[in-house]
Each structure stands twice: as structure tokens, then as C-alpha cells.
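A.B. asks: Sequence and predicted structure, then a few things I'm wondering about:
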Amino acid sequence: MPVSKPKSKRIVEARGFRTRLVYYPAGLRQPYHHHDGTQISFLVSGCFEEESEGRTFRPLGRQAGVMPAGHSHGVRYGREGALMLAIDCPERFDSRDTRRQWRRFDKSTGRKLGLLADNPLDADRLAGELIAGFSRDPEGDPPEPEHTPRWLRDAVDRIVAEPDVSIAQLAQDAGVHRVHFSRSFQRCFGISASEFRLLRKSAAAMRRTIDGECGLAQAALEGGFADQAHWARTCRMLAGIPPGQIRRMLSA
């Protein structure tokens, strides 16, 4: 089955900032390509594997990445694709670091993403605040996949394939205590195993509705949520943007 093309919705372009909501479909592979300007991307849903400047990244969710001007990368999107809010920065923007990097973003940043998507008249101010917040954050990159213990990489793959698998079962299969498993997962990936499970379930539902396979209610049920309202609450909590709004934006 052929892979569809990305879907993109421009939110606003003002004062040099261009803000877009972009959905990259499952299975898409982007060969190495060049970025002329600095771009900051917020991963709203899904996950992928990226190679850039000889390094490998595998953001798992609620992470933001900066691609400095002049860099290039290649990306392979997973079984649920990836939804991102991308901010193309003005030419005068000077990134504090010249490396490609990914960082965890908190709930307050998620709320700003939701406000940005919902209030285009105020989007330039919000985009500036998001970029400023990223620049102030001194934290570095999450671990590269090859530096992560094999049993944790196996656990991630298991959750991707079976989002309903229990943490106790994952720990048992890895041969470690549940507390050790949970702490190691959080330390290595900057996200709890339970939250990653929720993100995977939300990503599965998101793919179904963006790809037009079914409506929001059916997508929620097939993704493992109790109902559409449960998924909407979870999606807003995790990413700041409810699924109905995302579908409307990308179908416009």
C-alpha cells in the first residue's frame, strides 16, 4: 500500500515566524534533506527515528527539537506516523546551540501549543514565548538509542506494538523489579512508561481519524479509550490540542 504525503496546515506567518501543524503519515521515509533556517518542532503525537549529523534520535513524545540553520537530517516515521507543530524561525534568530537536539516539554508548554493552535491572532507572541522557553532550558538531549539498555529498547518496542500491556508484565519480561523498571524508563527517556502507553494509544487513535479511516468516536474506541470524551481529555492533557480541533485543522 503506497504511503500518503504529509498533511500541513499553516497557523500563522508574522514577524518572521511561520507556524504549521504537520502530520507525517505512518511508514513515510524522508531522505537526508537540508534546512536553510532554524526550525523548532514540538512532537504532539506519534514517534519516529531521525539521523542528523552522525547522531540518532528517537523522541517518544512531549519533546521539542531544534534544527539549527544549515543542518540536514533523514527521518523514518513509525506505525502511527507523527503529528508536529513546527515553528520556522526568522533569519535573525540565533540558536544558542549549534547541535541538533531534543528536549522534554512540560504541561505549561503543552497549554501554549493549544493556545497557539486556537488563537492565530496571538500566534506570533506565543511562538516567541515557546522559542524563548526552549532557549532558556539548559537540559541536553535524551540518550541516543544505542546508549540505552537493550531491555529498555525492547520494552519501548513492546509498548508500541501493545499499548495495553501492563507495566508489571513489562518488568517481569525484562527480569527486573517493577520499581526499577519504572525508574529506569523515566531516567532514560524522560517520560514514564505509563505516560508513553497513553501517548501510543492516543497516536493510534489520531492516525485513524487523520487518515480518514473512521470518526472521532470510533477512533477513540479502537485506540483503547473508554469513549471520545476520554480521548479528548487525554489528548489535551498530553499535547494541549484536542483531537477534534486537530482533525478540523488538517481537513480544512
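C.D. replies: Yes, it's here. Numbers count the residues shown, from 1 in each chain.
A.B. asks: any weak-confidence spans in this structure?
C.D. replies: 1-3, 14-16, 91-98, 119-121, 123-124, 133-146, 252 (pLDDT under 70).
A.B. asks: residues near Ser192, how many?
C.D. replies: 14 (other Cβ atoms under 10 Å). C-beta coordinates here come from the backbone N, C-alpha and C atoms, glycine included.
A.B. asks: quick one: Arg58 from Val44, how far?
C.D. replies: To Val44, Arg58 is 16 Å away according to Cβ to Cβ, to the nearest Å.
A.B. asks: Who has more neighbours out of those two?
C.D. replies: When neighbours are counted by other Cβ under 10 Å, Arg58 and Val44 differ, and Val44 comes out ahead with 28 against 20.
A.B. asks: so that one sits in a strand?
C.D. replies: Yes. If the criterion is DSSP: H, G, I helix; E, B strand; the rest coil, then Val44 is within a strand.
A.B. asks: Now do the contacts for it.
C.D. replies: By Cβ atoms under 8 Å, 6 or more residues apart in numbering, the residues touching Val44 are Leu21, Leu83, Met84, Leu85, Leu113, Ala239, Gly240, Ile241, Ile246.
A.B. asks: wait, which of the residues you listed is closest to Arg178?
C.D. replies: Using Cβ to Cβ, Ala239 comes nearest to Arg178 of the contacts of Val44, at 27.3 Å.
A.B. asks: pretty sure that closest one contacts Ala64?
C.D. replies: No. When contacts are counted by Cβ atoms under 8 Å, Ala239 is not listed as touching Ala64 (11.6 Å).
A.B. asks: quick one: which of the two has more around it?
C.D. replies: The residue with more neighbours, out of Ala239 and Ala64, is Ala239; 27 against 24, by other Cβ under 10 Å.
A.B. asks: quick one: that one from Phe196, how far?
C.D. replies: To Phe196, Ala239 is 13 Å away according to Cβ to Cβ.
A.B. asks: what separates the spatially most central residue of the chain from Thr19, distance-wise?
C.D. replies: Nearest residue to the geometric centre of the chain (Cα atoms, centre = their mean): Leu43, 2.2 Å. Leu43 sits at a distance of 15 Å from Thr19 (criterion: Cβ to Cβ).
A.B. asks: ok, which stretches of the stretch 51-200 of the chain are strands?
C.D. replies: Under the criterion DSSP state E, counting those that start in this stretch, strands of the stretch 51-200 of the chain are mapped to 55-57, 63-67, 72-88, 101-104.
A.B. asks: Now tabulate these in CSV and tack on distance to Phe185.
C.D. replies: Formatted as CSV, these follow (distance: least, Cβ to Cβ, whole Å):
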stretch, distance to Phe185
strand 55-57, 17
strand 63-67, 15
strand 72-88, 18
strand 101-104, 13
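A.B. asks: residue contacts, the residue of the chain positioned farthest from its centre?
C.D. replies: Distance from the C-alpha centroid of the chain peaks at Gly175, with 29.5 Å (Cα atoms, centre = their mean). By Cβ under 8 Å, 6+ apart, Gly175 lies in contact with Trp151.
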